[in-house]
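Student: okay, sequence plus prediction incoming.
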Amino acid sequence: MLGVAGTIVAAIIIMAIEIPTLWKKKLTKELWVFSILTLIAVGLGIAQSLHLDIPSPLNGVRIVLQPFIDYIYGLLK
Amino acid sequence: MINNIKISARQFAILVILFSIGTTILVIPGSLAHDVKQDAWIAAIIGTGVTFLVVALYISLGRMFPAMTLVEIIEALLGKWLGKIVSLTFVFFSFIAASDLLYYVGTFLTNQILPKTPPEAIHILFAFILMMGIRLGLETLARSAEVLFPIFIFLFILLVVSVLLTPDLWKFENIQPIFNTGMKPMVRAVFLFASIFTLPLVVFLMIFPISVDQPKEAEKSFFTGIFIAGICLIILIGLTILVLGPESSTNQMFPGYTLAKRIEIGDFLQRIEAILAIMWIIAIYFKMTIYFYAAIIAFVQTLNIKDYRPLTLPVGMIMVMISFFSHPNVTHSAAFDKEVWPLYSLAYGLLLPLFLLVVKALRILINLDKKHE
């Protein structure tokens, strides 16, 4: 629970720092990208604090590269 | 926006040195010794030689497109949509590398220095100074690198001298017999060395040549940077093997650190392993910021956003979150570094620049582009 609270507080602080300037300068695109990124961060943070099983992005990299890994290390064995 | 950022050739060289020494200094002696035993230092020499060739490739790419970053080159050569997709995968590469380093810092500090601190706390604190540096900009980072670099070199010399001053610490039998390894383990070791030392240098194409104020000087300082970093690493790897021997270098998680722990001059100079920790923290900080900077500039340029600063904090927060769960344990991280990372960095560090050069050459051949002056 502490993790969830911490994530939300961090997100609110980040928004309080950045959004006023973006809003004043009317940077709509930046505002969208900023909001999506913050949302992802909050989602990851909450999932992490609740000990949900998030797949590691590095495993994705490994799956894509596995055939090449087998080939190259097979050659160098 | 990014066109206004200029660092000097000297600062660029220092960034290259700190970047390439970065993680290598603590971890690589062990993984090299695993493959080639006492010949690890030879692998480092060959690896440094290979690095010169790779840097020459980056420089020739930089000469063809003196006013573009890597992402702009990709987009100019591969077209808008394909270019954007490739650029985003590059962003992911650089970003994941940064979060991986954050994991490294956490592991190292909780294993060796702060055993009772939760790694999360270290990740978050380290990410704070990282984001602070990024928001202050590349010029500030380069200047702080200039300030910290003499300390780094001083500590390095202190470490080397204190090992050399304790002759009963090192044994020549440890590196004998020389040239005892076969061809294939050597290739594997050089590849491993290059994957940490050489190939990640591709992220400098986001800074070089566009953000360096004297491009001609910068080319030279790229090479000097690699030369100095290579020498430092060869010395350090050699010392680790001399002192610890190949077997115990392989078994240690941070052999460089164990090396520093052994130092004891007389009865008064001992426990100077913190020296190595400080050097490592300085180097890894700059390595991480450069990865992160490259990732965020590439991201912003792909999406055609002018200023990267507002996005620093959320991207940094995502990075911290990913560093929490990217590796479930140290074994996973070691296996990733040994098997996946070499090929992953080969794809971006060598194949992507080569591919871009070939595409450019083809476009000149079929006269899509005017010949470069």
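Tutor: Arrived safely, thanks for sending. Numbering: from 1, shown residues only, chains lettered A, B, ... in the order given.
Student: correct me, but B:P215 touches B:P209?
Tutor: Yes - between B:P215 and B:P209 there is a contact under Cβ atoms under 8 Å: 4.3 Å. All C-beta atoms are positioned from the backbone trio N, CA, C, and that covers glycine.
Student: which residues do those two both contact?
Tutor: Residues touching both B:P215 and B:P209 (Cβ atoms under 8 Å, 6 or more residues apart in numbering or on different chains) are B:62, B:66.
Student: compare the two (neighbour count), which wins?
Tutor: Taking other Cβ atoms under 10 Å in any protein chain shown, B:P215 and B:P209 do not tie; B:P209 has more neighbours (25 against 16).
Student: quick check on that one: phi, psi?
Tutor: phi -90, psi 0 (degrees, to the nearest 10).
Student: do B:M131 as well
Tutor: Phi and psi for B:M131, reported as degrees, to the nearest 10, are phi -70, psi -30.
Student: next helix or strand past the host helix or strand of B:S323?
Tutor: Here B:S323, judged by DSSP states H and E, is contained in helix B:309-325. Using DSSP H and E, the next helix or strand after helix B:309-325 towards the C-terminus is helix B:330-335.
Student: any idea of the mean pLDDT for that following helix?
Tutor: Throughout helix B:330-335, pLDDT has a mean value of 88.
Student: what packs against that helix?
Tutor: helix B:80-108 (3 or more Cβ pairs under 8 Å, 6 or more residues apart in numbering or on different chains; DSSP states H and E).
Student: would you mark the buried spots in the helix it packs on?
Tutor: Within helix B:80-108, the residues that count as buried by 16 or more other Cβ atoms under 10 Å in any protein chain shown are B:83-84, B:86-87, B:90-108.
Student: check the offset of stretch B:233-242 from the chain's centre.
Tutor: 18 Å (Cα atoms, centre = their mean, to the nearest Å).
Student: ignore the last one, stretch B:268-284
Tutor: For stretch B:268-284, the distance to the chain centre is 19 Å (Cα atoms, centre = their mean).
Student: dump it to PDB, keeping only the CA atoms.
Tutor: C-alpha atoms of stretch B:268-284 as PDB (Å, rounded to 0.1, in the frame of the first residue of the first chain):
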ATOM      1  CA  PHE B 268      48.500   1.700   7.700                       C
ATOM      2  CA  LEU B 269      46.900   1.700   4.200                       C
ATOM      3  CA  GLN B 270      44.200  -0.800   3.900                       C
ATOM      4  CA  ARG B 271      40.500  -1.100   3.000                       C
ATOM      5  CA  ILE B 272      40.800   1.300   0.100                       C
ATOM      6  CA  GLU B 273      38.200  -0.500  -1.900                       C
ATOM      7  CA  ALA B 274      36.000   2.500  -1.500                       C
ATOM      8  CA  ILE B 275      38.300   4.100  -4.000                       C
ATOM      9  CA  LEU B 276      37.100   1.700  -6.700                       C
ATOM     10  CA  ALA B 277      33.600   2.200  -5.600                       C
ATOM     11  CA  ILE B 278      33.900   6.000  -6.000                       C
ATOM     12  CA  MET B 279      35.500   5.600  -9.400                       C
ATOM     13  CA  TRP B 280      32.800   3.300 -10.500                       C
ATOM     14  CA  ILE B 281      30.000   5.500  -9.300                       C
ATOM     15  CA  ILE B 282      31.400   8.500 -11.100                       C
ATOM     16  CA  ALA B 283      31.800   6.500 -14.300                       C
ATOM     17  CA  ILE B 284      28.500   4.700 -14.200                       C
END
